[in-house]
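1. A predicted structure for the sequence below; I have some questions about it.
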Amino acid sequence: MSTLRQQAPTPEERDTVLAVPGMHCAGCMSKVERKLGALPGVETARVNLSARMVTVRHEQGLTVRSLVEALEDIGFEAQDRTDKAFERVSAVRPLLAPLAVAGFAAMNVMLLSVSVWSGAEGTTREMFHWLSALIAVPAIAFAGRPFFASAWKALRKWQTNMDVPISLGVLIATGLSLYETATHGEHAWFDGALMLLTFLLAGRVLDAMMRDRARAGVDALLSQAAQGALVVADNGTTHWHAAGDLSPGMTMRVASGERLAADGTILKGNSQFDQSLLTGESEPFAHGEGDKVLAGTLNLGSPVDVRVSQVGHDTTLAEIARLMEASTQNRSRYVRIADRAARLYAPAVHSLAALTVIGWLIAGASVYQALVIGVAVLIITCPCALGLAVPVAQVVASGALMRAGIMVKDGSALERLAGIDRALLDKTGTLTLGRPVPEAVSLDALSDDDASVALALASHSRHPMSRALQGALSQRGIVPAPLETVTERAGEGVFAKCRGVDVALRRPESAGTSAVALVIGDAPVRLLPFSDQLRPETSEALARLAASGVTASILSGDRVEAVGEVARSTGLTGIGGALPAGKQEMVARLRDAGHKVLMVGDGLNDGPALAAADASMAPGSASDVGLQAADFVFVQDSLLALPRALATARKTMAVVRQNFTLAIVYNVIAVPLAIAGLVTPLIAALAMSGSSLLVVANSLRLARAAK
Amino acid sequence: MTGLLFLIPVALLLGLLGLAAFFWALRNGQFSDPEGDAARILSDDDDEPLEDRK
């Protein structure tokens, strides 16, 4: 398919992998490929749309930076992922081959089995059994490996999981069938064993597919951290350095709209900084010469020179990452519901089989007869339906959520979310949109002509405020006015001429307020105030949360007054001024008090709390850390994603419980037959597929759960 | 009955052929970017014969 993958690059060439989260469609894809392909020094560019990545083969001399800039020109943000591209392991791929083999073998063996059941006798039956064995034994050895490996891992630690009874059932069925075949017996169970493997593998492949897709989506969103900085050398020349190459003592020049790549102190200039990534504080801070600034903060104002003091692992950013690592361990102790069921199920089934053998021996059966019946009990109780009960329900529910714009990152996330009774919400970026939006009232006041000038000016700048203004005005159907001689002066604004009149979109004189000033000729200056607004449908979302028995409150790192304002408008209780460690502690306190806590947050400062909570959620606009720590990521603006995910999780667990009931009812009917020695391979095959189909059909009801 | 001697190998062979085809597709990266392949058919500049691109 791709020539890139098959041939290694020649020594003069190099492969670079860029993550481009903005690509969605065929148009974006060909735009990106064409732009990169046209660059001098680029051999080929190939997009992988599923992963939102582009692999570029280019000359050694071409820098990654120039590729990123080329994509920026056509409006796509890109980030170098060359090192990480190979870490991405797909969960689906290793399962596809076993599934194909199991499916192939199951179909062929079933064909032979049907002939045996319909009355093949003597040598024909024997030949069919041998043929089945020939197909089944290697197929089971190959396709069963995922189960055998997992069961062995659990057994070695003296534990048991769902894979233990599955592996035992499959292995014993195969062994007995081989014995029966060799001794010219009547029944062989190869078909049952293979069918079981096929069903279970199909369930796991679906599960893995869903997780792969969610992970690819989240991977593509990760782009907040600064990738590097422009370093000023002693002689005044500037060079771009990647974040990993910075060292303390360097001077970096941070342009307006750029994020800092390292901690440091300001040498020259003063500006406004947005620290919301670190602290959750929404108002920009003014910092001047000699002030300390932290990696991850965004420079909103004019360019500044910063002397680097700490890089990499020593930054405040890295400190937060360490806090998170510690709290993630809490979560790994969670035992999934299927494994909890297996803890009860496996010993019960295995002692039942042992008792059956003993019972038949006492009743006077031969050792061989007693063993065959015991094995039949093991095969019939092999938890096919039980093994499908959880994954199929979760796959269908995750699919439904994904279509509703909510990505489920972790397999056990739905289980954990279903049980929560407390929700802690971060303010900036979670309850609010986390980006300044021009206030609608002031935009309404603009005449169409003024608005078209403002739109034209805003579209010439990449400053976050210009972008927000551009978005808001385009949405109103305004057409940009033609401009001449446009110049953007960093930290000041955009200046141009429109129909012979001087126009500008610039920083207002009174620094400190979130606003831009629109200047048109000699007309009075218009001030367009910006504010961070609540997400759409917040009150409805919170009402629905409350209705489903979840007490919500605000937990923010922002100033108490700012939190109070949002708390009043949403009717929630709020805690302000919380540090990352404080948030984590709050979650731990609630958990100790017996609550199941959902943390919703986006910032780096929420990371530790997200990792420590029973379940966690982050908006798609969240920082790297937030996205990585959260179980769920929702990509729409509306906060309705919260109650929707919760309702879906609860419905999923209801279906899982129904599935367990179905599987148990099936066992209650089938096990007495097996104990009585009445089960033939035909009955086993019918019972197994019947119960599996029932469970799958029941789970499919979740397909519309997220509506 | 003699039909079986003939039909069973044929059935198995066809099945194996399908399996082999699937493995070939898997190795060849046919499943690495399903979304992109679905979108690629819509772009016009990508439709020269494959032989020329190798």
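-> Great, that's in hand.

2. which parts of chain B sit against chain A?
-> B:1, B:4, B:8, B:11-12, B:15-16, B:18-19, B:22-23, B:26, B:28-37, B:39-46, B:53-54 (Cβ under 8 Å from any Cβ of the partner chain). In this view, the C-beta of every residue, glycine as well, is placed from N, C-alpha and C.

3. what helix or strand does residue A:151 sit in?
-> Using DSSP states H and E, residue A:151 sits in helix A:145-156.

4. the helices in chain B, which residues?
-> Taking DSSP state H as the test, the helices found in chain B are B:2-27, B:34-40, B:50-53.

5. Let me have the ones you listed in CSV, extended by mean neighbour count and mean pLDDT.
-> Shown next, in CSV, are the helices of chain B (neighbours: other Cβ atoms under 10 Å in any protein chain shown; pLDDT from 0 to 100):
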stretch, mean neighbour count, mean pLDDT
helix B:2-27, 12, 85
helix B:34-40, 17, 79
helix B:50-53, 8, 51
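
6. can you tell me which residues contact the residue of the stretch 501-650 of chain A found nearest chain B?
-> Relative to chain B, the nearest point of the stretch 501-650 of chain A is residue A:635 (15.8 Å; Cβ to the nearest Cβ). If you count contacts by Cβ atoms under 8 Å, 6 or more residues apart in numbering or on different chains, residue A:635 has them with A:217, A:405-407, A:619-620.

7. Show me which of those are buried.
-> Those of these that meet the buried threshold are A:217, A:405-407, A:619-620, by 16 or more other Cβ atoms under 10 Å in any protein chain shown.

8. Most widely separated two among these?
-> Greatest spacing in the buried ones among the contacts of residue A:635, by Cβ to Cβ: A:217 and A:619 (13.1 Å).

9. Find residues that contact each of these two.
-> Taking Cβ under 8 Å, 6+ apart as the criterion, residue A:217 and residue A:619 both touch A:633, A:635.

10. what residues are up against the residue in the stretch 101-250 of chain A that chain B sits nearest to?
-> With Cβ to the nearest Cβ, the shortest gap between the stretch 101-250 of chain A and chain B falls at residue A:104, namely 4.7 Å. For residue A:104, the contact set (Cβ under 8 Å, 6+ apart) comprises A:139, B:15-16, B:18-19.

11. Export the helices of chain B to TSV and append columns for distance to residue A:47.
-> Converted to TSV, those look like this (distance: least, Cβ to Cβ, whole Å):
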stretch	distance to residue A:47
helix B:2-27	20
helix B:34-40	6
helix B:50-53	15
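
12. Nearest residue to residue A:535 in space, please, no chain neighbours.
-> Spatial nearest neighbour of residue A:535, excluding adjacent residues (Cβ to Cβ, 6 or more residues apart in numbering or on different chains): residue A:639 at 4.3 Å.

13. and the one you found, that one's in a strand?
-> No - the assignment for residue A:639, made by DSSP: H, G, I helix; E, B strand; the rest coil, is coil rather than a strand.

14. Can you check the pLDDT for it?
-> pLDDT for residue A:639: 88.

15. Next SSE downstream of whatever helix or strand residue A:101 lives in?
-> Residue A:101 belongs to helix A:93-117 when assigned by DSSP H and E. For helix A:93-117, the following helix or strand on the C-terminal side (DSSP H and E) is helix A:122-143.

16. for that next one, packing partners?
-> Counting contacts by 3 or more Cβ pairs under 8 Å, 6 or more residues apart in numbering or on different chains; DSSP states H and E, helix A:122-143 packs against helix A:93-117, helix A:163-182, helix A:190-221, helix B:2-27.

17. What's the mean pLDDT across that helix?
-> Averaging pLDDT along helix A:122-143 gives 90.

18. Would you mark the buried spots in that helix?
-> By 16+ other Cβ under 10 Å, the buried positions in helix A:122-143 come out as A:125-126, A:128-129, A:131-133, A:135-137, A:139-140, A:143.

19. can you redo these as CSV with distance to residue A:358?
-> Converted to CSV, the buried residues of helix A:122-143 look like this (distance: Cβ to Cβ, whole Å):
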residue, distance to residue A:358
A:125, 32
A:126, 32
A:128, 34
A:129, 29
A:131, 36
A:132, 31
A:133, 30
A:135, 35
A:136, 30
A:137, 30
A:139, 34
A:140, 29
A:143, 33
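
20. so who does the closest residue to chain A within chain B touch?
-> Here the residue of chain B nearest chain A is residue B:36; by Cβ to the nearest Cβ that distance is 3.3 Å. By Cβ under 8 Å, 6+ apart, the contact set of residue B:36 is A:29, A:47-50.

21. Among the residues you listed, find the lowest-pLDDT one for me.
-> Taking pLDDT as the measure, those have their low point at residue A:50 (73).

22. can you confirm that one is in a strand?
-> No - with three-state DSSP as the criterion, residue A:50 is coil rather than part of a strand.

23. Quick check, it in contact with residue B:35.
-> Yes - using Cβ atoms under 8 Å, residue A:50 is in contact with residue B:35, at 4.2 Å.

24. which SSE is the residue nearest to residue A:240 when sequence neighbours are not counted in?
-> Leaving out its chain neighbours, the residue that sits closest to residue A:240 by Cβ to Cβ, 6+ apart is residue A:65, at 5.2 Å. Using DSSP H and E, the element containing residue A:65 is helix A:64-73.

25. now what about that helix, what contacts it?
-> Contact partners of helix A:64-73, identified using Cβ under 8 Å, 6+ apart, comprise A:16, A:18, A:20, A:32, A:35-36, A:39, A:42, A:56, A:58, A:77-80, A:82, A:227-228, A:240.

26. List only buried entries from these.
-> Buried, going by 16+ other Cβ under 10 Å: A:16, A:18, A:20, A:32, A:35-36, A:42, A:56, A:58, A:78-80, A:227-228, A:240, out of the contacts of helix A:64-73.

27. So which of the residues you listed belong to strands?
-> Applying DSSP state E to the buried ones among the contacts of helix A:64-73, the entries found in strands are A:16, A:18, A:42, A:56, A:58, A:79-80, A:228, A:240.

28. pLDDT-wise, what's the bottom of those?
-> For these, the pLDDT minimum is residue A:228, 71.

29. Which pLDDT does the model give the nearest residue to residue A:45 once chain neighbours are set aside?
-> Of all residues not flanking residue A:45 in the chain, residue A:36 sits nearest, at 3.7 Å (Cβ to Cβ, 6+ apart). pLDDT recorded at residue A:36 is 89.

30. can you check the one 5 residues further on too?
-> Residue A:41 is assigned a predicted lDDT (pLDDT) of 86.

31. That one contacts residue A:61, doesn't it?
-> Yes - counting by Cβ under 8 Å, residue A:41 touches residue A:61, with 6.6 Å between them.

32. Compare those two (neighbour count), which wins?
-> Shown here are residue A:41 and residue A:61; by other Cβ atoms under 10 Å in any protein chain shown, residue A:41 has more neighbours (15 against 9).

33. ok, now how distant is the more buried one from residue A:66?
-> Distance, residue A:41 to residue A:66, by Cβ to Cβ, to the nearest Å: 9 Å.

34. which of the contacts of residue A:635 has the weakest pLDDT?
-> residue A:217 (59).

35. tell me the SS of residue A:423?
-> Look at residue A:423: counting by three-state DSSP, its state is strand.

36. Identify the residues contacting it.
-> Here residue A:423 is in contact with A:545, A:550-553, A:597-600, A:642 (criterion: Cβ under 8 Å, 6+ apart).

37. Can you add pLDDT and give those back as CSV?
-> CSV is the format used below for these (pLDDT from 0 to 100):
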residue, pLDDT
A:545, 90
A:550, 90
A:551, 90
A:552, 90
A:553, 90
A:597, 91
A:598, 92
A:599, 91
A:600, 91
A:642, 91
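
38. So which of those are in helices?
-> Counting by DSSP H, the part of the contacts of residue A:423 found in helices is A:545, A:642.

39. Please check the contacts of residue A:423 and keep the buried ones.
-> When neighbours are counted using 16+ other Cβ under 10 Å, the contacts of residue A:423 contain these buried positions: A:545, A:550, A:552-553, A:597-600, A:642.
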